[in-house]
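Enquirer: Structure, please.
(chains A, B and C)
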Amino acid sequence: MPGQIQFSEEGAIALVTLSYPGKLNAMARAMWRELRAVFHRIQAESRWRCVVVRGEDGAFCAGGDISEYPSFRFDDSQLRDFHETDVWGGLAAMLDCDVPIVAQIEGACMGAGMEIASCCDIRIAGESAKFGAPIARLGFPMAPREAQLVARAAGELTVREMLLEAAVLPASEMKARGFLGRVVPDHEVAREAMASAQRVAALGPNAARLNKQALRALVQRREPHDPYRYAGSAEHREGVTAFLEKRKPAF
Amino acid sequence: MPGQIQFSEEGAIALVTLSYPGKLNAMARAMWRELRAVFHRIQAESRWRCVVVRGEDGAFCAGGDISEYPSFRFDDSQLRDFHETDVWGGLAAMLDCDVPIVAQIEGACMGAGMEIASCCDIRIAGESAKFGAPIARLGFPMAPREAQLVARAAGELTVREMLLEAAVLPASEMKARGFLGRVVPDHEVAREAMASAQRVAALGPNAARLNKQALRALVQRREPHDPYRYAGSAEHREGVTAFLEKRKPAF
Amino acid sequence: MPGQIQFSEEGAIALVTLSYPGKLNAMARAMWRELRAVFHRIQAESRWRCVVVRGEDGAFCAGGDISEYPSFRFDDSQLRDFHETDVWGGLAAMLDCDVPIVAQIEGACMGAGMEIASCCDIRIAGESAKFGAPIARLGFPMAPREAQLVARAAGELTVREMLLEAAVLPASEMKARGFLGRVVPDHEVAREAMASAQRVAALGPNAARLNKQALRALVQRREPHDPYRYAGSAEHREGVTAFLEKRKPAF
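Expert: Coordinates of the predicted model:
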C-alpha cells in the first residue's frame, strides 16, 4: 500500500489522516500534494467547523519517506521544487485554512510531523509521543520556511536543539516548552482531540475564521481585510442576543 | 453605580482600579475612554515610577459590558469605532506608557481583562484566577490588533485555544505558558503586587523609561530615538558612582 | 590579571572561556573586542563543528566591568561607541557564527552574561546558576539591540522583570520560562555541555551551518541565500545513502 492522505467526516468535523502503513505515516512526495488538495477542499466549502489531523495506527508522522530521496534530492532544482512546491504547498494549504485545526498526536512526531503539527491551532498529544527533527543525521538541513514555521510554534531554542543536536523530546517536555497545549494518557488522545473539535464546532464558525485571519496577519505582518464586516451578521446578532436572553446560541 | 476607572496614589506609585460593581469589573465603553485618559495623565507627569493595575473586589476584569453591545455592535462603522478608537485607545495608552506597569490579577481575567493584562510589564496573579477570551460563544471574533496583542503576551497556542475553543485556563497553567511571572496565594496578590511596584520604584526611573522604549521599538520594528542621550544624566552618574563607592544610590 | 577571552580546542570543538579572575568573569571593554576576534576566527575556518562558551572557575559572567565605566559611560558618543561597536561587535560575531554554540552556564549569568548566553544555540545550566540584568540599580538601561536580543531568547515578560524590577531568577525558573533547555546538577554542567557539543559535532556540519543561516534569516526577516545549493554535496549524499544502507554516516 502506498502512503496516502485519507479524508472522512463526522458531522461538521473533517478528519484528515496521514497514512503510510509500515512507515509510521512518513510523508511520501505524493502525500504532500494530497495534503494540499484536501485542505484546499476543506477551505473551499463552508460546511466544516473544525479539522482533526491525525496519523494512522498509533503514530502521527515519522518524517519524510527517505526511500524516495535518491530519486530527487541530489539535484538543486529538483530539491527546490520538492521543498518549495510539494512540501510548502501542503503546509501553506494548512496555514491558509480558515477552519480551526486540531492536531491529535500519538507516537512519532518527527521532521515532517513537526511541520504538520506546527500548522495546527490546537495540539493534543499522548504521554508517549516523541518529537524531533533529526535530519542532520541524514546530512541535510530543514528548508528555511519549514525551519521558521517550526521555530514559531516550538520556540527557537527547541528547534535549534532538534536540528543542531538531533534532540528528541518527550511530550511532557514539549508541553513545558509551550508546543503542546495538553498531554493526556495515550488511550485518551483520540477522545480528547474529538472533544476539543466538538467544542470548537459548537462555537460561532465565522468568528473562528475571522480569528484565524487576524492571527495569520500577525505572522505575515499585514492588516487583515475588512475585519468588521461581520457586524450585521446573523451569527453575531444571535450570539449577543442569546447571551442577553440567557439562552444557548444556535450557530 | 456605573463602571469607572479609579485613580489613586501611594508615594510614587499610581494605582489604577477597574471598577464595575456587580459586573466583575467588565469594561463599559466609557471605561475604555477613562483608561486612556488615566494613562495619558500618568505618562504626562514625571513623578510616577510605577503603576499597579487591578480590579475591585476580588476580580480583575470579566470582559466587556455585553449589555451595551446591541446599541453599537451590529453596525460596521460603529463596531470599528468601538474597537479602533475606544478599546485600542485605552490599550495603546497603556502600551505607550513609559512608566512600568504591574498587573495585580485576582479572579476573572477574561477578554478585555486579558487585553489589559497583556499591556502590563509584570504580571502577578492569585492561585484561583481564571484566564480566557470565550467570545466565540457570543458569535464574534477578537479585533485583529487585540488578538495580536494577546498572542504576543500569552503565545499563539494559548490565544488560539482561548479564541477557537473558548478554553479557560487557571493561573498555574498561565504561569507554565509564560503569561504570568508569579502565582501566589489569593490573599497575597495585593501585597506581592505592591512589593513588586516598590522594587520598581526604588530603581532608576529614567532607566525604566528607556528600557520600555527599547522593548516597544522591538514590537514596532523601529529604532528607538537617541538611546544614549542619558550618558551624562544625574541618574546615570549617581548609579555608577554609588556602586563604586559601595553605597545605595539615591535616585 | 586583566580579564581575557581564552581559546582552546578539543578535536573539532572550540572552547571559548570568559575569564576575569576575582570579578566572576565580568566583561571588560577589551574582552568584547577579543570575543569578536575569537568568533570571527572560528567562523573563518571550516574545521570547527561546535563551540562551547563557558566561564572560568564556577561562574559564567557577572556582567560588565563597572570599574571601567566612569572612564567612558558619561559621554554620549563614547557610550554609543562602547555599546554599538564593542559590545554589539562581540555579540554580532556570535550571532553571525554559523558553527553551533553551546552555552555552559554555571553560577552568575547576569547582564552581559545574559546577552552572551542569548547568542548561543543550546543552553545548559547548573542548578545553582542565577540569571538577571539588574542594571537599573546602576541607573542605566540595557542598550536597545541588547535588550531586544535578550527579549527574543528569554521572553518579553522575563526581560521586563529583569530590567524593570531587577529580578534575579534561578535556573529552574529560567528552564520553565524557556530560556534554558536543560538544568543539571552543578558538577555535571561541564560534562553535559561537552556531551552536547560532541553530539552536535557528530552530525553533518554543513547541515548545521545551513540551519543556522535559515534561523538567522527569520530574525532578520530576509530570505537565506541559495538554500538548496547543498543538493549534490558529499555530506548530503553520504547521509541519505548511509541511512538507506543501514550504516552510520561518515561526515
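Enquirer: Need the residue closest to the centroid of chain A.
Expert: A:C120 (3.2 Å; C-alpha atoms, centre = their mean).
Enquirer: Spatially nearest residue to it (excluding sequence neighbours)?
Expert: Of all residues not flanking A:C120 in the chain, A:A103 sits nearest, at 3.7 Å (C-beta to C-beta, 6 or more residues apart in numbering or on different chains). C-betas here are computed from N, CA, C, even on glycine.
Enquirer: Domain boundaries for chain A, per the record?
Expert: Following automatic domain parsing, chain A resolves into domains at A:4-200, A:203-244.
Enquirer: Kindly compare burial across these and name the winner.
Expert: Among those, the stretch with the highest mean neighbour count (mean count of other C-beta atoms under 10 Å in any protein chain shown) is domain A:4-200, at a mean of 21.
Enquirer: Could you give the residue of chain A that lies closest to chain C?
Expert: In chain A, no residue comes nearer to chain C than A:G139, which is 2.3 Å away by C-beta to the nearest C-beta.
Enquirer: for the stretch 151-251 of chain A, what spans make up the strands?
Expert: For the stretch 151-251 of chain A, strands defined by DSSP state E, counting those that start in this stretch occupy the ranges A:168-170, A:182-184.
Enquirer: how about the residue sitting furthest away from the middle of chain A, what does it touch?
Expert: If you look at how far each residue of chain A sits from its centre, by C-alpha atoms, centre = their mean, the farthest one is A:E245, at 37.2 Å. By C-beta atoms under 8 Å, 6 or more residues apart in numbering or on different chains, no residues touch A:E245.
Enquirer: Dihedrals phi and psi, it?
Expert: phi -90, psi 10 (degrees, to the nearest 10).
Enquirer: cool, A:I116 as well?
Expert: The phi/psi pair for A:I116 (degrees, to the nearest 10) is phi -70, psi -40.
Enquirer: looking at it, it is touching A:V53, isn't it?
Expert: Yes: look at A:I116 against A:V53 with C-beta atoms under 8 Å: they come within range, at 6.5 Å.
Enquirer: Mind listing the shared neighbours of those two?
Expert: In contact with both A:I116 and A:V53: A:18, A:94, A:103, using C-beta under 8 Å, 6+ apart.
Enquirer: Which of those residues sits closest to B:A147?
Expert: A:M94 (19.5 Å; C-beta to C-beta).
Enquirer: which SS class is that closest one?
Expert: For A:M94, the assignment made with DSSP: H, G, I helix; E, B strand; the rest coil gives helix.
Enquirer: Quick one: residues contacting it.
Expert: A:35, A:39, A:53, A:101, A:116, A:119-120 are the contacts of A:M94 under C-beta under 8 Å, 6+ apart.
Enquirer: Turn those into a markdown table, including secondary structure and pLDDT.
Expert: Shown next, in a markdown table, are these (DSSP: H, G, I helix; E, B strand; the rest coil; pLDDT from 0 to 100):
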| residue | secondary structure | pLDDT |
| --- | --- | --- |
| A:L35 | helix | 98 |
| A:F39 | helix | 98 |
| A:V53 | strand | 98 |
| A:I101 | strand | 98 |
| A:I116 | helix | 98 |
| A:C119 | coil | 98 |
| A:C120 | coil | 98 |
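Enquirer: how much space is there between the nearest residue in space to the residue of chain A closest to chain C that is not next to it in sequence and A:F74?
Expert: Leaving aside its sequence neighbours, A:G139 sits nearest to C:G239 (C-beta to C-beta, 6+ apart; 2.3 Å). Shown here: C:G239 relative to A:F74, a distance of 11 Å by C-beta to C-beta, to the nearest Å.
Enquirer: and the domains of chain A, which one is worst for confidence?
Expert: When the domains of chain A are ranked by mean pLDDT, domain A:203-244 comes last with a mean of 91.
Enquirer: can you give me the end-to-end distance of that domain?
Expert: This stretch, domain A:203-244, spans 17 Å end to end (C-alpha to C-alpha, to the nearest Å).
Enquirer: give me phi/psi at A:G58?
Expert: Per-residue torsions, A:G58: phi 80, psi 0 (degrees, to the nearest 10).
Enquirer: Same question for A:I105.
Expert: Torsion angles, degrees, to the nearest 10, at A:I105: phi -110, psi 110.
Enquirer: likewise the one 5 residues further on?
Expert: When quoted as degrees, to the nearest 10, the phi and psi of A:M110 stand at phi -120, psi 140.
Enquirer: Run through the residues that contact it.
Expert: A:61-63, A:130-134, A:168.
Enquirer: Tabulate those residues (CSV), appending secondary structure.
Expert: Listed next are the contacts of A:M110 as CSV, based on three-state DSSP:
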residue, secondary structure
A:C61, strand
A:A62, coil
A:G63, coil
A:K130, strand
A:F131, strand
A:G132, strand
A:A133, coil
A:P134, coil
A:V168, strand
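Enquirer: tell me which element A:V52 falls in.
Expert: strand A:50-55 (DSSP states H and E).
Enquirer: Looking at the stretch 101-250 of chain A, what residue ends up closest to chain B?
Expert: A:G239 (2.3 Å).
Enquirer: Report whether stretch A:60-71 contacts chain C.
Expert: Yes: against chain C, stretch A:60-71 shows contacts by C-beta under 8 Å from any C-beta of the partner chain at A:66-67, A:69-70.
Enquirer: gap between that stretch and the chain center?
Expert: Relative to its chain's centre, stretch A:60-71 lies at 18 Å (C-alpha atoms, centre = their mean, to the nearest Å).
Enquirer: gap between the two ends of it?
Expert: Stretch A:60-71 end-to-end distance (C-alpha to C-alpha) = 25 Å.
Enquirer: A:V200 against A:P100, yeah?
Expert: Yes: counting by C-beta under 8 Å, A:V200 does reach A:P100; the two are 4.8 Å apart.
Enquirer: For the stretch 51-200 of chain A, just list every one of the helices.
Expert: Assigned helices in the stretch 51-200 of chain A, in chain order: A:76-81, A:88-95, A:112-118, A:144-154, A:156-165, A:171-176, A:189-202 (criterion: DSSP state H, counting those that start in this stretch).
Enquirer: returning to that earlier point: looking at the residues of stretch A:60-71 next to chain C, which is nearest C:I13?
Expert: Nearest member of the residues of stretch A:60-71 next to chain C to C:I13, counting by C-beta to C-beta, is A:I66, at 28.9 Å.
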